[in-house]
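S.K.: below: sequence and its predicted model.
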Amino acid sequence: MSYIQAENLIKQYGAGEAAVTAVGGMSFRIKMGEFVAVMGESGSGKSTLLTMMGALNTPTSGEYSVDGLGVYELGQDQRADFRREFLGFVFQSFHLVTYLTVLENVMLPLVTVKTNGRTKRAMAEDALSRVGLDGKAHRLPGQISGGEQERVAIARAIVNEPPILLADEPSGNLDTKTSREVMDLLRSLNEDGMTIVMVTHSPECAGYARRLLRISDGLLVEDIPINGSAINLECWSTGVMD
């Protein structure tokens, strides 16, 4: 059985003639430990797909399972447990709390974890060490660079040691050099065994993955292996980069 499995996922907004289809029936499988990039033009449905994979957006129809668990057969509380146990999220906007220190931001997902404060602090410090921010724990987000803020967001996403990381344009607000540093970090996490699904508009970033899902108009139109190198820009229409 595949680790992540989607069967005919459909997401519509509205009803009747006014209904808009964001995802029109996607089926795919992802193995444990894969690094998958999702690309498509603006409005193609890739971010909607990611939110459904993250149990944040209920599909209109279709089936979605992780490690044999039917995610949308769960109640709301059980889905929250699923997200806490299985998933880490990284978004284009860092969503850091400005008045909390870097360490305190990373500790936020541990609020509901039943362990003592010393253990939670140690977990957060370990996550910061993994992303190369050992010496920045007591700074505020406004006192570090954009690339470092993204690293804090990644540390926060992995502090619970989830098996799956979902990333939506993780380098979208970063310069080229910093973007490559963040992508090197994601590749390192994948090499350590984490399953990563990443939405990106950048062929260079997609080149860090080992597989590409290309989406158009809410449909999966291409599922191809890639070799860990930047995708040739000439192979893509201008719309894909939007």
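M.R.: Yep, that arrived.
S.K.: now the chain, which segments are flagged as low pLDDT?
M.R.: 1, 227-242 (pLDDT under 70).
S.K.: CA atoms of whatever helix or strand L49 lives in as CSV?
M.R.: Using DSSP states H and E, the element containing L49 is helix 46-53. Extracted in CSV, the C-alpha atoms of helix 46-53 (Å, rounded to 0.1, in the frame of the first residue of the first chain):
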residue,chain,number,x,y,z
LYS,A,46,-2.4,23.1,-6.4
SER,A,47,-2.8,24.9,-3.1
THR,A,48,-6.3,23.6,-2.7
LEU,A,49,-4.9,20.1,-3.2
LEU,A,50,-2.3,20.7,-0.5
THR,A,51,-4.9,21.9,2.0
MET,A,52,-6.9,18.7,1.4
MET,A,53,-3.8,16.7,1.9
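S.K.: after it, which helix or strand is next?
M.R.: strand 61-66.
S.K.: pairing partners for the next helix or strand after that following strand, with directions?
M.R.: Going down the chain from strand 61-66, the next helix or strand is strand 69-70, by DSSP H and E. Applying DSSP bridges to the sheet, strand 69-70 is found paired with strand 61-66 (antiparallel).
S.K.: between the partner strand and helix 46-53, how many degrees?
M.R.: Taking axes from the mean of the first three to the mean of the last three C-alpha atoms, to 10 degrees, strand 61-66 and helix 46-53 form an angle of 70 degrees between their directions.
S.K.: what's strand 61-66 in contact with?
M.R.: Residues outside strand 61-66 that contact it (C-beta atoms under 8 Å, 6 or more residues apart in numbering): 3-10, 25-26, 52-53, 70-72, 82, 86, 164. Yep, even glycine has a C-beta here, placed from its N, CA and C like the rest.
S.K.: quick one: buried residues of that strand?
M.R.: Neighbour counts over strand 61-66 (16 or more other C-beta atoms under 10 Å) mark 62, 64-66 as buried.
S.K.: dump those residues to JSON lines, plus distance to P203.
M.R.: Listed next are the buried residues of strand 61-66 as JSON lines, based on distance: C-beta to C-beta, whole Å:
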{"residue": "G62", "distance to P203": "29"}
{"residue": "Y64", "distance to P203": "27"}
{"residue": "S65", "distance to P203": "30"}
{"residue": "V66", "distance to P203": "28"}
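S.K.: which strands and helices lie in contact with the biggest helix by length in the chain?
M.R.: Among the segments of the chain that qualify as a helix by DSSP state H, the longest is helix 176-191. Judged by 3 or more C-beta pairs under 8 Å, 6 or more residues apart in numbering; DSSP states H and E, helix 176-191 is in contact with strand 35-40, helix 146-158, strand 164-168, strand 195-199, helix 203-206.
S.K.: what residues sit buried inside that helix?
M.R.: 178-183, 185-187, 189-190.
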